[in-house]
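A.B. asks: Give me the fold of what follows.
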Amino acid sequence: MAQPTPPYQAPAEHTSTSGQPTPPQQSAASAEYENNPFFVGLNGFKKMFAYAKSLAIIFLVMSIAGFIGNLAQEKPGQDEASETAATPVIDSITIEQILFIAGIASVFILGIVLISVFINGLSSYASYAVATQRKITFQEAVKAVAKRYPAYLLMQLIIFVKVLLWTLLFIVPGIIMSIRYSLAGTSFFAKDLSANESIKHSLTLTKGGWMTTFASYVTINLPTFGIIAGVTQPGAQGILYRQFNSHQESNTPKPGAHILSVVVTVITGLLIALVIMAMIAFLALAFTGYLDSSRFGE
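C.D. replies: As a prediction, the model looks like this:
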C-alpha cells in the first residue's frame with residue numbers, strides 16, 4: 001500500500017547552541033582580504049617570484065642597478081674648472097649644430113620613452129599574473145605587451161596627461177589620482193579592456209580603497225629604500241587588484257584601512273605639506289629680494 005506523502009516542511013535555519021541563527025558564512029574573498037599594507041607588499045614580492053619569476057628577477061636586477069647608479073652619480077668634487085673649460089666650446093656652436101643636436105636628443109628621448117613604456121607594460125603583465133595566480137614566462141609577457149603595445153601606450157599617455165592636469169591643482173590631487181589610476185595596467189591585461197576602459201575600471205576598483213593602495217606601495221619600500229620597488233610594486237598591484245575586483249564583482253564593501261595605512265598616509269601627507277610650505281617660503285623670499293646675494297656679503 002502506498003504511504004501518504006508527509007506534509008512539506010521548510011528547511012530549518014542553522015542555529016547556534018544558544019538557539020540564535022548563525023550569521024552567514026564569510027565569503028572567500030573577505031577571508032583572503034589583506035589590508036595590512038606591509039604584508040600586501042611582502043606577499044606581492046613573494047608572489048612575483050611564484051607567478052612571474054623571470055620578470056621578477058629582471059626587475060630586481062634593474063632596481064638594484066638603478067639604486068647603485070644613483071649613488072655613483074653623487075660624486076663630490078666636480079669643481080668649476082671643468083665648467084669653465086666647457087664654456088668656450090659651447091659658445092662656438094652654431095645654430096645648425098644646435099638644431100642637429102636637438103633633433104638627435106629628441107629621437108633619443110623618444111626612444112627612451114617608448115622603451116620605458118614597454119618595460120612598464122611588462123610590469124603590468126606581471127601584476128596581471130599575480131592577480132590571476134597564473135604562471136607566465138618572459139617570452140609570453142613580451143609577446144602579450146608587443147601585441148597590444150599601441151593601446152597600452154595610449155593608456156599611459158592619457159594617464160600622464162590626466163595626472164599632469166591634476167598636479168597643476170597644487171600637487172596633492174595629482175598624487176591622489178596617480179594612485180587611483182595605478183591599477184589600470186592590471187585591468188588592461190586582466191580584462192582585455194581598452195585604454196579608457198582600463199582607467200575607468202581602476203577608478204572603480206580603488207574607490208574606497210585609496211589609503212590601502214597608497215600605503216601598500218609605500219610601506220614595504222621605506223625599510224628597503226626602494227631597492228626592490230621594481231618587484232614589490234607589480235606584486236602589490238596584483239594582490240590589490242584581485243581583492244578589489246572580487247569585492248566589486250560580489251558588490252560587497254571593502255574592509256576599512258589598516259591602522260598602519262592611516263599612519264603612513266598621515267606621515268607622508270605631513271612631509272608633503274612641509275615640502276610645499278618650504279617651496280612657497282623660498283619663492284616668497286626670492287620674489288621679495290631677500291635672497292639677493294648682496295645681503296650675504298657677496
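A.B. asks: In terms of secondary structure, what does the longest helix anywhere in the chain contact?
C.D. replies: In the chain, taking DSSP state H as the definition, the longest helix is helix 95-132. Here helix 95-132 touches helix 37-51, helix 53-73, helix 138-147, helix 149-167, helix 184-190, helix 229-249, going by 3 or more C-beta pairs under 8 Å, 6 or more residues apart in numbering; DSSP states H and E. (Glycine included, C-beta is placed from N, CA and C.)
A.B. asks: now for the protein, which residue lies nearest the mean position of the chain?
C.D. replies: The residue lying closest to the centre of the chain (C-alpha atoms, centre = their mean) is S182, at 4.8 Å.
A.B. asks: Checking my notes, that one in a strand, right?
C.D. replies: No. Going by DSSP: H, G, I helix; E, B strand; the rest coil, the assignment for S182 is coil, not a strand.
A.B. asks: so what's it up against?
C.D. replies: By C-beta atoms under 8 Å, 6 or more residues apart in numbering, S182 lies in contact with 202, 206, 213, 217, 237.
A.B. asks: What are the contacting residues of stretch 189-198?
C.D. replies: For stretch 189-198, the surrounding residues in contact (C-beta under 8 Å, 6+ apart) are 124-125, 128, 131-132, 144, 148, 151-152, 154-155, 158, 184-185, 187-188, 201, 241, 245.
A.B. asks: 7 Å instead?
C.D. replies: 124-125, 128, 131-132, 144, 151, 154-155, 158, 184, 187-188, 201, 241 (C-beta atoms under 7 Å, 6 or more residues apart in numbering).
A.B. asks: Is I93 in a helix, a strand, or coil?
C.D. replies: Applying three-state DSSP: I93 is coil.
A.B. asks: which non-adjacent residue is nearest it?
C.D. replies: Of all residues not flanking I93 in the chain, I101 sits nearest, at 7.9 Å (C-beta to C-beta, 6 or more residues apart in numbering).
A.B. asks: what do you get for T268?
C.D. replies: V218 (6.5 Å).
A.B. asks: Find me the pLDDT at the one you found, would you?
C.D. replies: As summarised for this prediction, V218 has a pLDDT of 93.
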